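*Asks:* The following comprises the amino acid sequence and a computationally predicted model.
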Amino acid sequence: MSKDFQHLLRVRYAECDGQNVVFNGRYVDYIDVAMKEFMRVVWGSYQDVHASGIDIQAVGLSFNWKAPVHFDDVLVISIKSARIGNTSYTLALNFHKHATQAHVASAEITYVMVSAGNHKKMTIPQTMREQLEHGAPGVVVNHAGV
């Protein structure tokens, strides 16, 4: 399994559809929750980042589904930086079942850095760039209770 940042979550019943698998739209929720935990480790709280005059906006998302996930399965979502530009960055996410290590999905999400308030595109500050480049290897945030 990856040594990248990992977020563990347990699939709840309400997240499953009529086919008894995680509804595809829920993966966007999972990405958002895992990304926020990654950012909390890398940059600190969202409130602190925002208070410093910086905000981020999602501008692109690609998702590749490989296998079903069911109620009560525990997902391991691994995250690392895939690309860092001048004003934007892309995170790569991989989803695995905790019990079997089966790879069930992958995604990439791109964010643009903007000024808080007026949302004008801005250059990623050097300190934040370095923190993003380093990532959070080996850090595990466990919301699954395993």
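*Replies:* Cool, the structure landed.
*Asks:* which residues of this structure fall in strands?
*Replies:* Ranges of strands in the chain, per DSSP state E, are 5-10, 54-65, 74-84, 88-97, 103-115, 140-142.
*Asks:* Of these, which stretch is the most buried?
*Replies:* Among these, strand 5-10 has the highest mean neighbour count (mean count of other Cβ atoms under 10 Å), at a mean of 22. Every C-beta, even on glycine, is put in place using the N, C-alpha and C of the backbone.
*Asks:* and it, what does it pack onto?
*Replies:* helix 26-43, strand 74-84, strand 140-142 (3 or more Cβ pairs under 8 Å, 6 or more residues apart in numbering; DSSP states H and E).
*Asks:* tilt between that strand and helix 26-43?
*Replies:* Interaxial angle, strand 5-10 versus helix 26-43 (axes from the mean of the first three to the mean of the last three Cα atoms, to 10 degrees): 140 degrees.
*Asks:* in this protein, which ranges drop under the pLDDT threshold?
*Replies:* 1-2 (pLDDT under 70).
*Asks:* quick revisit: got the strands of the chain as JSON lines, with distance to D29 columns?
*Replies:* Formatted as JSON lines, the strands of the chain follow (distance: least, Cβ to Cβ, whole Å):
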{"stretch": "strand 5-10", "distance to D29": "10"}
{"stretch": "strand 54-65", "distance to D29": "12"}
{"stretch": "strand 74-84", "distance to D29": "11"}
{"stretch": "strand 88-97", "distance to D29": "13"}
{"stretch": "strand 103-115", "distance to D29": "12"}
{"stretch": "strand 140-142", "distance to D29": "16"}
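*Asks:* Since that was my last question, I'll sign off now.
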